[in-house]
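Novice: coordinates only, no sequence provided:
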C-alpha cells in the first residue's frame, strides 16, 4: 500500500510545528482526528499504542526519516499522515540525526501482512535520496502529494 493511496492533501503537514518526537506524533494524530480519520474518543488509545511502539525502539530509521506506526482495533482501514520539518525534529533516531520527514500510519489490528507491506513500501520509497530531495524542496502540500503519487511509490 503506497502513500499515494493513503494520503490526501489535507493529511499532509508541509511544515510541522513540533521539534520533538512526542509532540510531532501528537500533531499528526490530532490532524487525523480533526479530519475524522480517527474518532476523538479513540485518540488516547491510539497514542498509547504509538508510544508503546516507540518505547520498544525509535521509529526514526535514519536519513531524516521517522515512521511511527502501530496497529489498533479502533480503526477499520489503514490511516496515515505525513509531516515535513525544515528545521528537523529531535526523534531519537538510529543515526541521531534530526528527522525531516514523519510518516505516521495505523493499521487495523490483525492485519499483520498489511502492516509489514505498508511499512516496507514507505521505507523503500523514502530510502531514495532523490525522493527525499524532492520532498524537501516541494513548495506546497499538493506538490508533496504529487511526489507520493508519481515517484514510483507503488
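Specialist: Perfect, thanks for sending it. Since the model is a prediction, treat every value here as computed from it, not as a measurement.

Novice: by mean pLDDT, flag the weakest helix or strand of this structure.
Specialist: helix 3-6 (a mean of 85; mean pLDDT, DSSP states H and E).

Novice: show me what it is packed up against.
Specialist: In terms of contacts (3 or more Cβ pairs under 8 Å, 6 or more residues apart in numbering; DSSP states H and E), helix 3-6 is packed against strand 79-89, helix 112-126, helix 141-150. C-beta coordinates here come from the backbone N, C-alpha and C atoms, glycine included.

Novice: which one of these lies nearest to residue 133?
Specialist: helix 141-150 (10.1 Å; Cβ to Cβ).

Novice: before we move on, the earlier item: give me the contact list for the least confident helix or strand of the chain.
Specialist: Helix 3-6 is contacted from outside by 78-80, 82, 103, 105, 118, 121-122, 125, 145, 148-150, 153, using Cβ atoms under 8 Å, 6 or more residues apart in numbering.

Novice: before we move on, the earlier item: can you redo the helices and strands packed on helix 3-6 as CSV with mean pLDDT?
Specialist: Shown next, in CSV, are the helices and strands packed on helix 3-6 (pLDDT from 0 to 100):
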stretch, mean pLDDT
strand 79-89, 96
helix 112-126, 90
helix 141-150, 93
